[in-house]
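# make a model of this:
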Amino acid sequence: MPEKKIIGNKEVISIIDLDLYDLDAKVDTGADSNALHCDDIFIDSENIVHFKLLDKIHPAYHGKKMAIPLYRMKKVRSSNGKFQKRPSIRVKVDFFGKKYMTVISLTDRSDMKYPMLIGRKFLANKFLVDVSKEYLAKEPLAKKNQNRKKNESVHIIKK
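Sure, this is the predicted structure:
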C-alpha cells in the first residue's frame, strides 16, 4: 500500500480543466466533498453548467465564463446547516504535483475566506491532514504553465 502524503489545513490546488491555477483551498475533513466558489450558475437544456469563476478579489480570478457538462445534481448540507441542491462537475486537478479526476460542487462561497474547499472524499486513502501545518505543496503549478491562454472570454469543456 502506498504511503499517504501529509498535507496541511490550507493548500494550493490547480483545476486544470478550468484553467484555474494555484488556488488557495481549505482542507476540510468535516466536508464530504469539494466545493468551488463561482457566480451566475445555471444549467441549460442540454445539461451544460454555465458559471463565472471566483471574484475579482481572488488572485486566481481570470474572468472567464465557463461551460462544462453537468456531472450530477447533489444534495449538500451547507456550512449554515441547511440543505442545498448544487450542480457538480467532474474535472482534472493537480494537487501536490499529481493529477486526479475529482468531483466539485459549484456554489456561492463569497462569504468564505477560501474559494475552494477540499473534502474528505478526495482526501480518502491518499492524504493525512496535519492541522498544525499549511501550504506544504512545493512548487506552484502556474510557474510550470507560463504559456496558458489568458485572453479567452469563454472556456468550454466537452467530455
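# which phi and psi does residue 18 have?
Torsion angles at residue 18 (phi, psi; degrees, to the nearest 10) stand at phi -110, psi 10.
# how about residue 17?
According to degrees, to the nearest 10, residue 17 has phi -60, psi -20.
# my read: residue 65 touches residue 52, true?
Yes. Between residue 65 and residue 52 there is a contact under Cβ atoms under 8 Å: 5.6 Å. Where C-beta positions appear, they are placed from N, C-alpha and C, glycine not excepted.
# quick check: mean pLDDT across stretch 53-72?
For stretch 53-72, the mean pLDDT works out to 81.
# would you mind measuring from residue 82 to residue 42?
As judged by Cβ to Cβ, to the nearest Å, residue 82 and residue 42 stand 21 Å apart.
# wait, I meant residue 117
Taken as Cβ to Cβ, the span from residue 117 to residue 42 is 22 Å.
# what is the least confident helix or strand in this protein?
None of the helices or strands of the chain scores lower by mean pLDDT, DSSP states H and E than helix 141-144, at a mean of 52.
# residue 117 and residue 42 - which one has more neighbours?
With neighbours defined as other Cβ atoms under 10 Å, residue 117 and residue 42 compare such that residue 117 has more, 23 against 9.
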